[in-house]
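Novice: Attaching a predicted model along with its sequence, questions to come.
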Amino acid sequence: MADLLLREVDPLLLERIRRIAVARGWTREETCVALLEQGLFASELEVRSGFHDPEVDALADAIAALQALPDAQGL
């Protein structure tokens, strides 16, 4: 993994990162990677929700078809 250098980071943000690192028992580097991953997942979710994904549509159609089936009798 490539090194990451952040310049001119707000001191309050650095303090928040430090507090999370202490609370979790992580190094500063581990904390930054974890926070980047979480932020990316959240951002990707926001972006994805605005687009139509054919796989999501196919799954929704399959679920709707299964829900439309009559209940099994005698099981």
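Specialist: Alright, I've got the coordinates.
Novice: In this structure, which helix is the longest?
Specialist: Secondary structure of the chain per DSSP state H: the longest helix is helix 28-48.
Novice: and the next element down the chain from it?
Specialist: helix 54-68 (DSSP states H and E).
Novice: returning to what we had before: hmm, who's touching the longest helix of the chain?
Specialist: For helix 28-48, the surrounding residues in contact (Cβ atoms under 8 Å, 6 or more residues apart in numbering) are 4, 6, 17-18, 20-21, 24, 26. Quick note: C-beta positions are derived from backbone N, CA and C, even for glycine.
Novice: Quick check: phi and psi at L69.
Specialist: Backbone torsions of L69, given as degrees, to the nearest 10, read phi -70, psi 150.
Novice: got the angle between the lowest-mean-pLDDT helix or strand in the chain and helix 28-48?
Specialist: Ranked by mean pLDDT, DSSP states H and E, the weakest helix or strand in the chain is helix 54-68, scoring a mean of 81. Per axes from the mean of the first three to the mean of the last three Cα atoms, to 10 degrees, the angle that helix 54-68 makes with helix 28-48 is 70 degrees.
Novice: Dump helix 54-68 to PDB, restricted to CA.
Specialist: In PDB, the C-alpha atoms belonging to helix 54-68 read as follows (Å, rounded to 0.1, in the frame of the first residue of the first chain):
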ATOM      1  CA  PRO A  54     -29.600  -3.900 -13.300                       C
ATOM      2  CA  GLU A  55     -28.600  -6.500 -10.700                       C
ATOM      3  CA  VAL A  56     -30.600  -4.700  -8.000                       C
ATOM      4  CA  ASP A  57     -33.600  -4.500 -10.300                       C
ATOM      5  CA  ALA A  58     -33.300  -8.200 -11.100                       C
ATOM      6  CA  LEU A  59     -33.200  -9.100  -7.400                       C
ATOM      7  CA  ALA A  60     -36.200  -6.900  -6.600                       C
ATOM      8  CA  ASP A  61     -38.100  -8.600  -9.500                       C
ATOM      9  CA  ALA A  62     -37.200 -12.100  -8.100                       C
ATOM     10  CA  ILE A  63     -38.300 -11.200  -4.600                       C
ATOM     11  CA  ALA A  64     -41.600  -9.800  -5.900                       C
ATOM     12  CA  ALA A  65     -42.200 -13.000  -7.900                       C
ATOM     13  CA  LEU A  66     -41.500 -15.100  -4.800                       C
ATOM     14  CA  GLN A  67     -43.800 -13.000  -2.700                       C
ATOM     15  CA  ALA A  68     -46.500 -13.400  -5.300                       C
END
